[in-house]
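> Provided below are the primary sequence and the corresponding predicted coordinates.
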Amino acid sequence: MGAMDEHQYEMKLEGALNLGCMKTGMEIEPEIQAAVRILLQGLGEDVDREGIKKTPLRVAKALRDGTKGYKQNVQEIVEGALFPEAGLENNRVGQAGGVGGLVIVRDLNLYSYCESCLLPFQVKCHVGYVPSGQQVVGLSKLSRVADVFAKRLQNPQRLADEICSSLQLSIRPTGVAVVLECLHIDFQSGGWEKLMVSSGSGVFQDQKDVNNNNIWTEFFSLLKIQSSVSGNTQKRINSISHWCPSEASETSTIPPSGMISAVTSMLRALGEDPLRKELVGTPTRFLSWLMNFQICSIEKKLNAFAGNMLEPNMKANGEVKCNMKAYSELNLPLWSMCEHHLLPFYGVVHIGYFSAEEINPTRKSILQEVVHFYGSKLQVQERLTKEIAETVAPFLGGDVIVVAEASHTCMLSRGVEKFGSSTATVAVLGRFSTDSEARALFLGSLP
Ligand SMILES: [Zn+2]
Ligand SMILES: [Zn+2]
């Protein structure tokens, strides 16, 4: 079943809104929308606030699109895309064409949802097969089939196995090989969990050892991945049960039961069985991440710092401004959550200021705390940048420029943006708003 594309969807939504029959597009995944409202309330948010009023609808739509693979059929995709292709001319020795000869599609960029914590994870997928029976498959179908299984709640090894076995079944080649390079956000450390997995059938299955096998070696050299990496693959596969960072960090706080049942009902609405053993702890793990963005905690933390923040670092009455020089604090790590889609965005914040002298290390660490505080609630990047600027300005003498650079999981996982793209937002206060030279100097100094 093909899902509606973005445009059709918006049209349908607009139609519903114009008819006045639905105030919020409630006919789309009503269970998920109801659950998201409970989660927002659990975070202390006002569900009627302008910025998040449509968040339940956006989350429902993102989740539905992100799991549309449950409703797609591989046989239908591959059928009609098998083309006759002869092997070598008679008596020639070798393999090529529709009989033998490796075919590889590399670097397919996919997104999947982690079944352990419900965060999207990034997948670079490589698929290869050895044709047989004098037929080949349309190359675009390999990525279509991979996407069918990526658009479900997954873990990397099962994803690789499902892509592999479904291609083996539908194309019936001599063998199929699948290698996935996966990246999962690690919220605790502010870094990434990386995992490479592989799956093979037919000739690739017969000789399982990735390191001592000609066909795997050929496959990896065509992927331009060094054999040492493939060696690591094998090692990492053994520890796959802990690939999701939320599994390693069990929290002691138990989320409110109303929120747990809300997430459970979301799983059910997606067509999953919340009692499937891999999913049993998922609502708790998802919530232990989500609760980092509770609205009250940020205010509590900021108050604790209020004393430090208000103490002026330098005379800001204008008398000593002739000695002012421009300083900057670059690459302060940033993690936050998009209030429109309840998905993380992450990157760095750069802060520039005019001062008689550079601030001391203690105060530098407070800047990082401020960035962290404002990241710890539902946000949009523009507001986050403004809030950081307004908070640090009195503390840095009043003349401040703040630049946030971040990648948004919501844009990547919905296919709106490509891998590696990012968004920059700028806030300027005081002298930076009128002094274009100072602004240019600071922007030019950014890494
Ligand atoms: Zn996870
Ligand atoms: Zn978003």
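Arrived safely, thanks for sending. Ligands and ions are numbered 1, 2, ... in the order given.
> in the stretch 51-200 of the chain, which residue sits nearest ligand 2?
The nearest approach of the stretch 51-200 of the chain to ligand 2 comes at R58, 7.4 Å away (Cβ to the ion). The way it works is simple: take the backbone N, C-alpha and C, and place the C-beta from them, glycine included.
> can you name the next helix or strand after the host helix or strand of that residue?
Element membership for R58 (DSSP states H and E) is helix 55-66. Per DSSP H and E, the first helix or strand lying C-terminal to helix 55-66 is helix 74-78.
> so who does P56 touch?
The contact partners of P56, taken as Cβ atoms under 8 Å, 6 or more residues apart in numbering, are 24, 32-34, 36-37, 40, 47.
> so can I have JSON lines of these showing neighbour count?
Formatted as JSON lines, those follow (neighbours: other Cβ atoms under 10 Å):
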{"residue": "T24", "neighbour count": "15"}
{"residue": "I32", "neighbour count": "24"}
{"residue": "Q33", "neighbour count": "23"}
{"residue": "A34", "neighbour count": "16"}
{"residue": "V36", "neighbour count": "24"}
{"residue": "R37", "neighbour count": "19"}
{"residue": "L40", "neighbour count": "23"}
{"residue": "V47", "neighbour count": "15"}
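> quick check: L118 is in a helix.
No: the assignment for L118, made by DSSP: H, G, I helix; E, B strand; the rest coil, is coil rather than a helix.
> can you tell me, leaving aside adjacent residues, what's nearest to it?
Once flanking residues are discounted, L118 sits nearest to F286: 4.5 Å by Cβ to Cβ, 6 or more residues apart in numbering.
> next: E278.
In this structure, E278 finds its nearest non-sequential neighbour in E115, 5.2 Å apart by Cβ to Cβ, 6+ apart.
> so how far is K61 from F373?
F373 is 30 Å from K61, where distance means Cβ to Cβ, to the nearest Å.
> more crowded one of those two?
Between F373 and K61, counted using other Cβ atoms under 10 Å, the more crowded position is K61 (23 against 20).
> thought the more buried one was touching I28?
Yes: K61 is in contact with I28 according to Cβ atoms under 8 Å; the separation is 6.4 Å.
> show residues contacting the strand or helix carrying N109.
Using DSSP H and E, N109 maps to strand 103-114. For strand 103-114, contacts defined as Cβ under 8 Å, 6+ apart pick out 63, 66-67, 119-131, 136, 139, 142-143, 146-147, 150-155, 159, 184, 219, 222-223, 244, 412-413, 415, 418-419.
> all strands of this protein, in order?
With DSSP state E, the ranges of strands along the chain come out as 82-84, 103-114, 120-130, 135-137, 153-154, 175-186, 191-202, 325-338, 343-355, 378-379, 400-408, 423-429.
> and the ones you listed: which comes nearest G97?
The closest of the strands of the chain to G97 is strand 135-137. By Cβ to Cβ, the value is 7.6 Å.
> distance check, the closest residue to ligand 1 within the stretch 201-350 of the chain against E31.
Per Cβ to the ion, the residue of the stretch 201-350 of the chain with the smallest distance to ligand 1 is C244, at 3.2 Å. Look at C244 and E31: by Cβ to Cβ, they are 25 Å apart.
> next: I388.
Distance, I388 to E31, by Cβ to Cβ: 37 Å.
> for those two, indicate the residue with more neighbours.
Neighbour count, other Cβ under 10 Å: between I388 and E31, I388 has more, with 24 against 14.
> where does pLDDT dip in the stretch 301-447 of the chain?
301-322, 412-420 (pLDDT under 70).
> identify the residues contacting the closest residue to the residue of the stretch 201-350 of the chain closest to ligand 1 other than its chain neighbours.
Using Cβ to Cβ, 6+ apart and skipping residues adjacent in sequence, the residue nearest C244 is S116, 3.8 Å away. Contact analysis of S116 by Cβ under 8 Å, 6+ apart lists 155, 244, 246-247, 278, 281-282, 285.
> same thing with L63?
29, 32, 113, 266, 270.
> follow-up on the earlier one: farthest pair in the contacts of P56?
Once Cβ to Cβ is applied, the contacts of P56 give I32 and V47 as the farthest pair, at 14.3 Å.
> hang on, the earlier thing: what about the helix holding R58, average pLDDT?
On average, the pLDDT along helix 55-66 is 92.
> which bits of the stretch 201-350 of the chain sit near ligand 1?
Taking Cβ under 5 Å from the ion as the measure of proximity, the stretch 201-350 of the chain contacts ligand 1 at C244.
> show me where pLDDT drops low in the stretch 151-300 of the chain?
207-213, 226-241, 250-252, 296-300.
> closest point of it to ligand 2, which residue?
For the stretch 151-300 of the chain, Cβ to the ion, closest residue to ligand 2: F293, 13.4 Å.
> ok, that residue - contacts?
Contact analysis of F293 by Cβ under 8 Å, 6+ apart lists 43, 336-337, 376-378.
> swap in 10 Å and give it another go.
Residues in contact with F293 (Cβ atoms under 10 Å, 6 or more residues apart in numbering) are 43-45, 336-337, 339, 342, 344, 375-379.
> quick revisit: which of the contacts of L63 tops the neighbour count?
Busiest of the contacts of L63 [other Cβ under 10 Å] is M266, holding 27 neighbours.
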